[in-house]
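Novice: Fold the stuff below for me.
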Amino acid sequence: MSLQHDLLTAPIGRRILRMAAPNVIAMLASLATSMAEVWYVGHLGTAALAGLALAFPMYMLNLMLAAGSMGGAISGAIAQRLGAKDRAGAEALAFHAVVLAVLLSLVSSGVFLLLGPKIYAALGGRESVLANALAYSNLFFLGSITLWIANTLAGIVRATGHMGVSARGLMTGSAVQVVAAGLLVFGAGPLPALGIGGAAAGAVIGFLVATVILLHFLMRRCTELTLRLTGIPLRLSVFTDLLRVGALASVSPFTSIATVLAITTFVARLGPDALAGYGIGSRLEFLMIPLVFGFGAATITMVGVHFGARAYARGHRIAWTAAAMSALLTGAIGAVMALFPGLWANLFTDVEAVRETTRLYLRIVGPFYALFGLGQCLYFASQGARRMLWPVLASLLRFATVFAGGLLLGAQADTASIFALIALSLTLYALVSAIAIWRGAWMRGLAAAPAE
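Specialist: All right, here's what the predicted structure looks like:
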């Protein structure tokens, strides 16, 4: 049975779960990897944790751009070509996607290697905190091309429907990252103790392993398309097609990071303990994104195939079903963490002032994680539909809410009021996307669909 026929006829709920399950498992592995990284760095002291709180959003920005924005745009575009039975067009998109990933990784590395000291200092990094942030950032961005290539290849694989292959490649990379980071943070045998920089080096090595696995599958074993790195002429129109959706989708990660950085700047005024506590708490929100992406990646492919086949009504049903599942998952995690915040706070530090800030964050923001999951999944589904305007506007509103609220609070801002702003911004983020899609934002400008 062809990918197109299978997706167009299979029961929606069961098919979403079947496609999402490998991605969710892979993202849980990513969650465990990130927790291990914080655990390693936590043993280096509060200054290292605070430095990680400054540098980690830059790592996540690249991950969200490569996997979520550009990766989602790539998956959606290729899935639509496969849904329209255009294999040659899908293969051309895949080749151009790899070239584009290389170019974007070089730009990103250049920015953070050259401007890193100014960026982290502007965010409140001083002395040992700034030194730790740069130690992590510089090592990561020296090799961040591996992150971009691995996640681009994963996006191509997901577009073909082989979610398990993509998941296994990324999970293997995550496993390697945990081991490599531990060895390089503390040193072992001939390996030097790199401190916080070892965590960054472990990430680079893990993504390199994932790249090799996914590249082998696409070039040798994939039946839906073959990734060819020669013989396809570079065409500006194909890059434009990818960037038309990818560039707009990239606004959301930038605003997400800008939101976190604005909050980081406000919290940094309250001292290193507050900053470290917020860094631990907000990491859980960051880690929700990969979990939601487990459903979102499946939704991108399924919605993309349906819109390519002009089965628009069923494509909408898929999006709403996946968004509900995503909200249930993130809402359950948020509820548990709000009720028992020590489960998370106590994992990474034994400094009580840091733990208390983390617990406060989870009590206030945790109950709103369901709305975050809803909005994020609709963002990914919009990439499959290749209609990104309203999710991007929702992310801009989220940033504006936090930024304007923080300025209005000014010197009166404390951690509780800052965290309440986060909860409000998540509510607005979900409502804007949901209402716009419900009111027909995906259908404007599309030709009438055939009868279903």
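Novice: what about the stretch 1-150 of the chain, any weak spots by pLDDT?
Specialist: 1-6 (pLDDT under 70).
Novice: List the buried residues in the helix or strand residue 90 falls within.
Specialist: Under the criterion of DSSP states H and E, residue 90 resides in helix 87-122. Across helix 87-122, burial judged by 16 or more other Cβ atoms under 10 Å covers 89-98, 100-101, 104-105, 108-109, 112, 116, 119-120. Bear in mind the C-beta positions are built from the backbone N, C-alpha and C, glycine included.
Novice: Any idea how far it is from the middle of the chain?
Specialist: Here helix 87-122 is found 15 Å from its chain centre; the criterion is Cα atoms, centre = their mean, to the nearest Å.
Novice: From the contact counts, what lies against it?
Specialist: Applying 3 or more Cβ pairs under 8 Å, 6 or more residues apart in numbering; DSSP states H and E, one finds that helix 87-122 contacts helix 46-63, helix 70-83, helix 127-142, helix 145-159, helix 236-268.
Novice: mind checking which of those helices is nearest residue 303?
Specialist: helix 70-83 (7.5 Å; Cβ to Cβ).
Novice: For that closest one, C-alpha coordinates in CSV please.
Specialist: Written as CSV, here are the backbone C-alpha positions of helix 70-83 (Å, rounded to 0.1, in the frame of the first residue of the first chain):
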residue,chain,number,x,y,z
MET,A,70,12.9,24.6,8.5
GLY,A,71,12.6,20.9,9.2
GLY,A,72,8.8,21.2,9.4
ALA,A,73,8.7,23.3,6.2
ILE,A,74,10.8,20.6,4.5
SER,A,75,8.6,17.8,5.7
GLY,A,76,5.4,19.6,4.7
ALA,A,77,6.7,20.5,1.2
ILE,A,78,8.0,17.0,0.5
ALA,A,79,4.8,15.4,1.9
GLN,A,80,2.7,17.5,-0.4
ARG,A,81,4.8,16.5,-3.4
LEU,A,82,4.5,12.8,-2.4
GLY,A,83,0.8,13.3,-1.8
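Novice: Just list what it packs against, helices and strands only.
Specialist: Under the contact criterion of 3+ Cβ pairs under 8 Å, 6+ apart, helix 70-83 touches helix 3-9, helix 87-122, helix 145-159, helix 236-268, helix 272-308, helix 369-385.
Novice: closest one to residue 206 among those helices?
Specialist: Per Cβ to Cβ, nearest to residue 206 of the helices and strands packed on helix 70-83: helix 145-159, 8.1 Å.
Novice: Just want the angle from the closest one to helix 46-63.
Specialist: 50 degrees (axes from the mean of the first three to the mean of the last three Cα atoms, to 10 degrees).
Novice: Please state the mean pLDDT value computed over the helix or strand just after helix 145-159.
Specialist: Scanning forward in sequence from helix 145-159 by DSSP H and E, the next helix or strand is helix 163-186. For helix 163-186, mean pLDDT is 90.
Novice: Can you point out the buried residues in helix 163-186?
Specialist: 163-174, 176-178, 180-185.
Novice: Over to stretch 261-274?
Specialist: Neighbour-count burial for stretch 261-274, counted by 16+ other Cβ under 10 Å, picks out 261, 262, 263, 264, 266, 267, 268, 270, 272, 273, 274.
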